[in-house]
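Asker: 3D model of this:
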Amino acid sequence: MAIREEIKWTQKDGKNLKIRNKKLKEAFLNILDQIETFNKDPKKYLVYLFFSLRELSKTNEALFKRTAVQKTGNAENLNINIILSMLAKYFQIKKSSRLPVIAIYSIYEVLFDKFDRYKNKKLIPLQVHTSSDKHGFGDIEIYTKDGKLFEIVEIKHNIPIDEYLIFDVIKKISEIEVDRYYILTTFQNSFKNATEEKKISDIILKIKKERGIDIIANGILTTLKYYLRFIDNYDDFLKCYTANLIKDAKVSTEIKDFHIEEWNKIKDNY
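Answerer: Sure thing, here's the model as predicted:
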C-alpha cells in the first residue's frame, strides 16, 4: 500500500497515485509489476538503475564543468542592459520560477559586504522549495548576528502584485519582527494597473507608520537594475549566478539540465 494513501501499487490502481511525473510513475509501476507478477529478479533492475544513475551523474558533471567556464572575451563589453536582457530572456523559458530567485540571491551575495546595512548580518543559504522540511518566511532571508529576522525577500513569477499579496505579507509578519520585506515579481510592470499600484502604496505607507516595517513591492528586473549599479565588474555577477545555478541543480529538482543548457546558450551569445 502507498504511504499516506490507501492505493495499491499495481498498474491498474497505481494510476491514481499522486506522483506528478507520469512517466516516472508508469516506469515504477511497470518494474514492480514485472517483479511481483512475473517473478523477475529485482537485483537486475537495481543494478541497471545504479548503472543509469552513474552514467547520468557523469553527464551532469560534464555539463556543469562546461557551464562553469566563464567566457571572458566580451566581459569588457558587458553592461547593465545586456545582463537584464539576458535574464529577461532566461526567465521566459518553461519551469523557470526558480531562476529569478537565484538571480536575486546572487546579487545579494555579490553586494552583501559592500553595504553598511548588512554589517554583522547573515545571508541564509537558499532552501529547496520542494523539500518536505522547508521552513521560513520568504525565498531569501537575512538575520542579525543574534539570530533575529532582519530582511525577507519573497519572489513571484509572472504574477502581478495586488493588494491580496500585500495582505498575505502583513499576515506573515503579524507575529514576527522584521525590518524590511521585499515582494518582487517578474510580471511585466509589476502591478495589474496604476489603480492597484496606488492602492498598494497606500497600504504600505500605513504599515510603515503603524509598525515601522518597510514593505517594498517592485519588479525583479527593476530591482536588479538598481543593485547592478553598485557592481564594479558585471562579470562577477554572471559568475556568481552561474555558480548558484549549478549548485542548485545538484541539490534540488527545480533546476533541470535544460535550464543549464539554455543558460549556456544565452551566455555564449552575449
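Asker: Where does pLDDT dip in the stretch 151-270 of the chain?
Answerer: The model of the stretch 151-270 of the chain has no residue with pLDDT under 70.
Asker: biggest strand in this protein, by residue count?
Answerer: strand 149-156 (DSSP state E).
Asker: Correct me if wrong: Pro100 contacts Phe187.
Answerer: No: with contact defined as C-beta atoms under 8 Å, Pro100 does not reach Phe187; the gap is 10.8 Å. Where you see a C-beta, it was placed from the backbone N, CA and C, and this is true even at glycine.
Asker: more neighbours, those two?
Answerer: Pro100 (24 against 16; other C-beta atoms under 10 Å).
Asker: Quick check: buried residues in the longest strand of the chain?
Answerer: 149-156 (16 or more other C-beta atoms under 10 Å).
Asker: just the strands in this structure please.
Answerer: 121-123, 140-144, 149-156, 180-185, 214-219.
Asker: Please put the alpha-carbon coordinates of the second one into PDB.
Answerer: It stands for strand 140-144. Extracted C-alpha coordinates of strand 140-144, given in PDB (Å, rounded to 0.1, in the frame of the first residue of the first chain):
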ATOM      1  CA  ILE A 140      15.600  34.800   0.800                       C
ATOM      2  CA  GLU A 141      16.200  35.700   4.400                       C
ATOM      3  CA  ILE A 142      18.700  37.800   6.300                       C
ATOM      4  CA  TYR A 143      19.300  37.500  10.000                       C
ATOM      5  CA  THR A 144      21.100  39.600  12.600                       C
END
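Asker: Let me know the angle separating it from strand 149-156.
Answerer: 180 degrees (axes from the mean of the first three to the mean of the last three C-alpha atoms, to 10 degrees).
Asker: Remind me what strand 140-144 packs against, helices and strands.
Answerer: With contacts taken as 3 or more C-beta pairs under 8 Å, 6 or more residues apart in numbering; DSSP states H and E, strand 140-144 sits against helix 98-111, strand 121-123, strand 149-156.
Asker: Redo those as JSON lines? Include distance to Trp263.
Answerer: Compiled in JSON lines, those are given as follows (distance: least, C-beta to C-beta, whole Å):
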{"stretch": "helix 98-111", "distance to Trp263": "9"}
{"stretch": "strand 121-123", "distance to Trp263": "22"}
{"stretch": "strand 149-156", "distance to Trp263": "18"}
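Asker: among the ones you listed, which is nearest Tyr143?
Answerer: Nearest of the helices and strands packed on strand 140-144 to Tyr143, taken as C-beta to C-beta: strand 121-123 at 4.9 Å.
Asker: Please list all residues in contact with the residue nearest the centre of the chain.
Answerer: The centroid of the chain falls nearest to Arg98 when counting by C-alpha atoms, centre = their mean (2.6 Å). If you count contacts by C-beta atoms under 8 Å, 6 or more residues apart in numbering, Arg98 has them with 129, 248, 252, 254-255.
Asker: repeat for Lys172
Answerer: 137, 181.
Asker: if you set the cut-off to 6 Å instead, what comes out?
Answerer: Phe137 (C-beta atoms under 6 Å, 6 or more residues apart in numbering).
Asker: Please report the distance of it from Val69.
Answerer: 41 Å (C-beta to C-beta, to the nearest Å).
Asker: now Thr10
Answerer: Thr10 is 48 Å from Val69, by C-beta to C-beta.
Asker: which of the two has more neighbours?
Answerer: Thr10 (13 against 10).
Asker: Identify the bridge partners of the closest residue in space to Lys208 that isn't next to it in sequence.
Answerer: Leaving aside its sequence neighbours, Lys208 sits nearest to Asp214 (C-beta to C-beta, 6 or more residues apart in numbering; 6.3 Å). Counting by DSSP bridges, Asp214 is bridged to Arg180.
Asker: What is the burial count for Asp214?
Answerer: Residues lying near Asp214 (other C-beta under 10 Å) number 14.
Asker: Quick check: it touching Arg180?
Answerer: Yes: applying C-beta atoms under 6 Å as the test, Asp214 and Arg180 come out as touching, 4.3 Å apart.
Asker: Quick one, which of the helices and strands packed on strand 140-144 gets closest to Asp162.
Answerer: In terms of C-beta to C-beta, the element of the helices and strands packed on strand 140-144 nearest to Asp162 is strand 149-156, at 10.2 Å.
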